[in-house]
Each structure stands twice: as structure tokens, then as C-alpha cells.
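In: Generate coordinates for the sequence data below:
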Amino acid sequence: MKQKYVMDLTKMEGDGDFNCPQCGVLISSDDSTEEKYALLEPKLNGKELEEMIIHCNNCGSNIRLTGF
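Out: As a prediction, this is how the structure comes out:
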């Protein structure tokens with residue numbers, strides 16, 4: 001069964017890189033290959049990004065990112 005997590009980017013330190021809460025793999029915004037994660041569903045509020053759901057390719061977890 002896929003795990004689902006919510007992570008608030010405003011509560012994280014650094015430049016937006018973080019570890020998957022399930023398996024610990026590093027998820028970096030600089031990785032454009034989608035080797036470690038896949039972008040699933042952006043949610044927009046007008047023209048602004050409100051949240052993004054990503055999928056960890058290592059363990060299969062879905063992570064909802066908020067706080068853009």
C-alpha cells in the first residue's frame with residue numbers, strides 16, 4: 001500500500017531539497033531527470049502554485065508539498 005505524506009516547505013530549512021519521509025532518498029528540485037521522483041499533480045490557485053503531489057520512485061510513496 002502506498003504511503004501518503006504532507007510536507008510544508010515553509011517549515012523546512014535549506015533550498016528545498018528534502019528526504020522522502022518513508023525511505024530517506026534525497027529529493028532535490030535540481031533533479032530534472034525524474035529518476036528519484038515524478039511530478040504527479042500540480043494544484044494552481046489562479047497562476048500561483050498552491051501545492052504539488054510528487055511520487056517517490058524508490059518506495060512508491062506520494063508526498064503532497066505545500067507552502068509555495
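
In: since we're on residue 19, how many residues are nearby?
Out: Look at residue 19: counted by other C-beta atoms under 10 Å, it has 11 neighbours. Bear in mind the C-beta positions are built from the backbone N, C-alpha and C, glycine included.

In: residue contacts, residue 41?
Out: 52, 53 (C-beta atoms under 8 Å, 6 or more residues apart in numbering).

In: actually residue 28, not the one I typed
Out: Each residue near residue 28 by C-beta under 8 Å, 6+ apart is listed here: 16, 17, 36.

In: try it again with 6 Å
Out: residue 17 (C-beta atoms under 6 Å, 6 or more residues apart in numbering).

In: which residues of this structure fall in strands?
Out: Ranges of strands in the chain, per DSSP state E, are 4-8, 18-19, 26-27, 37-45, 48-56, 62-66.

In: For the residue nearest to the spatial centre of the chain, give its distance to residue 25.
Out: Geometric centre of the chain, nearest residue: residue 54, 4.5 Å, by C-alpha atoms, centre = their mean. Distance of residue 54 to residue 25, given as C-beta to C-beta, to the nearest Å: 12 Å.

In: ditto for residue 12
Out: 16 Å.

In: ditto for residue 2
Out: For residue 2, the distance to residue 25 - C-beta to C-beta - is 15 Å.
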